[in-house]
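[1] here's a sequence, model it:
(one chain, ligands or ions: 1)
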Amino acid sequence: MAGDPGRTVIASADVVVVGSGAFGASVAYHLARRGARVAVLERSGLASQTSPRAAGLSSQVRATPALTRLAQRAVVKLAAFTDETGQPLRFTQSGALKIARTERDAEQLSREVARGDAAGVEIDFVSVAEARRRLPILGERGILAVTWSPTDCNVEPSELPIGYCRAAEKLGAVLLPHTPATGFDIGRRSVEGVRTPRGTIGTRAVVDAAGAWARLVAGGLGAALPVVPTRHQLLITEPIPGVGPEFPIARVIDANVYVRHERGGLMLGGYEPDPVQLDAATLPPSFDVAELPLDIEVLWRLARSVSEQFPIFQDPTIRVAEHRGGLPTLTMDDRYLAGPLLGVAGAWVMSGCCVGGLSVSPALGEAMAEWILDGAPALDLSEISTARFAGYLPDEIELRERCRRAYATHYRTGGDVSTAS
Ligand SMILES: Cc1cc2nc3c(=O)[nH]c(=O)nc-3n(C[C@H](O)[C@H](O)[C@H](O)COP(=O)(O)OP(=O)(O)OC[C@H]3O[C@@H](n4cnc5c(N)ncnc54)[C@H](O)[C@@H]3O)c2cc1C
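    Numbers count the residues shown, from 1 in each chain. The predicted model follows:
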């Protein structure tokens, strides 16, 4: 693979992508597929930070028709990933159950079914008995309503960004691991180059896909980015008899908890009310997401909050095989943040993944490549565009509080048009 640390970087590229996670790798691949000369800068190992630690879940019925179309397109591309790129990807179309325990959430599910019908995403209410037939570990108490979406899927998260990196490289992209973007040359009219410890790459276009560091990179380009890196964790149990890959994904709306099958055991993750928020500027330059301090008690609290629906997590013999976490970036309205970095011609951003960036990255990378090369994406990205925050930047305390709230109510704000602001 390219990127021998001893080599000097290339002299120029049509587009320099900063970051090789799900966002950066996907846009690099889609740009290279269109014939652009692309360089990917990665401060660490390729695709090694938050992306490989994801749960890998997709959910297609989103808060608005445009966001639903983006998520639908992503699932089509995930299903066809290996055919399209020649790279492996474990893809499981397990379907998903969504569980309402309150009247309010049952009403949200009604709106989601209506939106799914309008968008052509299969989704309908099922009885608790039918939900339990599909997911035998589901308890029968405390459930007011459940929907079933058969086309929702999950993928092996570590394979997706590295697959896009390798496919991009085959198309001529230059991958530069262990090579941070350290600064930018900005001329009178636009971006002119990206500085690295191994020289400057001349370019007229930069994509900030730096994950938890996106705000720092945007700052280097002279733009403010209202996102907050936020710790998110999951656990995977040792194999449990009777648990298999045919188990659908299950989400409990008010508890903000998800469960799915993984390696013969169960994966549980969720969104606590008061997550750890970080400022990447305070992290040492060598920081690796693998060093992020984790707290498994957060996950046991979430598990206890769904003990009626998932009594299996209260079994004292249950053993944790893996506990992992990463640093997704949150926005104030729980929506992605993508498009031109305002005020800096030639600078673009893909950030604000809101813990849903891995699964949407195939469609978002494709759309961003169109935006950069054609001047507009084929899909409507206006609801997630940087333009929505133009001229509005709250102070740090308010930004953090609004991002915390978005995180803590993710299955309401992310899934429901009536509460998304
Ligand atoms: C536990 C967990 C569960 C999740 N579950 C899901 C899920 O079910 N579905 C889903 O869709 N999403 C999920 N996510 C979210 C998903 O992981 C993110 O949305 C996605 O990984 C974001 O990708 P990224 O490219 O923005 O970030 P990253 O993967 O972190 O990539 C950013 C890269 O930029 C590099 N970088 C930073 N600064 C520089 C610089 N100056 N120069 C060069 N490189 C730089 C970093 O080193 C890093 O490799 C989950 C996340 C976690 C932690």
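[2] can you pull out the strands in the stretch 201-350 of the chain?
    Counting by DSSP state E, counting those that start in this stretch, one finds strands in the stretch 201-350 of the chain at the ranges 206-208, 228-229, 232-237, 249-252, 257-262, 265-270, 320-326, 329-330, 337-340, 347-351.
[3] show me what the fourth one pairs with in its sheet, parallel or antiparallel.
    Same thing as strand 249-252. strand 96-100 (parallel), strand 257-262 (antiparallel) (DSSP bridges).
[4] what is the burial count for A209?
    Other residues near A209 number 34, with proximity taken as other Cβ atoms under 10 Å. Placement of C-beta: from N, CA and C, glycine included.
[5] now mean neighbour count, distance to the ligand and mean pLDDT too, for the strands of the stretch 201-350 of the chain, in JSON lines please.
    What follows is the strands of the stretch 201-350 of the chain, written out as JSON lines (neighbours: other Cβ atoms under 10 Å; distance: least, Cβ to the nearest ligand atom, whole Å; pLDDT from 0 to 100):
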{"stretch": "strand 206-208", "mean neighbour count": "30", "distance to the ligand": "9", "mean pLDDT": "98"}
{"stretch": "strand 228-229", "mean neighbour count": "27", "distance to the ligand": "9", "mean pLDDT": "98"}
{"stretch": "strand 232-237", "mean neighbour count": "23", "distance to the ligand": "4", "mean pLDDT": "98"}
{"stretch": "strand 249-252", "mean neighbour count": "25", "distance to the ligand": "9", "mean pLDDT": "98"}
{"stretch": "strand 257-262", "mean neighbour count": "24", "distance to the ligand": "7", "mean pLDDT": "98"}
{"stretch": "strand 265-270", "mean neighbour count": "23", "distance to the ligand": "6", "mean pLDDT": "98"}
{"stretch": "strand 320-326", "mean neighbour count": "18", "distance to the ligand": "3", "mean pLDDT": "98"}
{"stretch": "strand 329-330", "mean neighbour count": "29", "distance to the ligand": "7", "mean pLDDT": "98"}
{"stretch": "strand 337-340", "mean neighbour count": "22", "distance to the ligand": "10", "mean pLDDT": "98"}
{"stretch": "strand 347-351", "mean neighbour count": "28", "distance to the ligand": "6", "mean pLDDT": "98"}
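[6] what is the end-to-end distance of stretch 162-179?
    Between the opening and closing residues of stretch 162-179 there is a gap of 17 Å (Cα to Cα, to the nearest Å).
[7] show me what counts as buried in it.
    162-169, 171, 173-177, 179 (16 or more other Cβ atoms under 10 Å).
[8] with stretch 86-102 instead?
    For stretch 86-102, the neighbour count (16+ other Cβ under 10 Å) marks Q87, L89, F91, T92, S94, G95, A96, L97, K98, I99, A100, R101 as buried.
[9] list the residues that contact the fifth one.
    Taking Cβ atoms under 8 Å, 6 or more residues apart in numbering as the criterion, S94 is in contact with D152, C153, N154, P245, E246, F247, P248, I249, R260, H261.
[10] ok, of those, which one's closest to the ligand?
    N154 (7.2 Å; Cβ to the nearest ligand atom).
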